[in-house]
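Student: missing the sequence, but the structure's below:
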């Protein structure tokens, strides 16, 4: 009996932890980068070359700020939709 109660408590705890995780909503973003003749990336205004992931993250943040994408939310709220 005690083992069953402990197993149930672990299950509820794991489900609660999983449900409390923040997840991004589906959002389509586009990005571009400028390259030189040789295909090398040109630096941005600050003189820094950005990776593809940094460009995607920047485009996603801008989409969130302008309201084009829904903000991330907890997983359990998506279960209720």
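Tutor: Structure's in. What do you need? None of the values given here were measured: they were computed from a predicted structure.
Student: packing partners for the helix or strand of the chain with the lowest mean pLDDT?
Tutor: The helix or strand of the chain with the poorest confidence is helix 75-80; it has a mean of 79 (mean pLDDT, DSSP states H and E). On a contact count with 3 or more Cβ pairs under 8 Å, 6 or more residues apart in numbering; DSSP states H and E, helix 75-80 meets helix 2-19, strand 22-23. Using the backbone N, CA and C atoms, a C-beta is placed for each residue, glycine as well.
Student: need phi/psi at the residue nearest the centre of the chain.
Tutor: Nearest residue to the geometric centre of the chain (Cα atoms, centre = their mean): residue 24, 4.6 Å. Main-chain torsions, residue 24, degrees, to the nearest 10: phi -80, psi 140.
Student: isn't it right up against residue 74?
Tutor: No - taking contacts as Cβ atoms under 8 Å, residue 24 lies outside contact range of residue 74: 11.6 Å.
Student: thinking again about what came up before, weakest of the helices and strands packed on helix 75-80 by average pLDDT?
Tutor: Comparing mean pLDDT across these, the weakest is strand 22-23, with a mean of 82.
Student: neighbours of the closest residue to the residue nearest to the centre of the chain other than its chain neighbours, how many?
Tutor: Spatial nearest neighbour of residue 24, excluding adjacent residues (Cβ to Cβ, 6 or more residues apart in numbering): residue 72 at 4.7 Å. Neighbour count of residue 72, defined by other Cβ atoms under 10 Å: 14.
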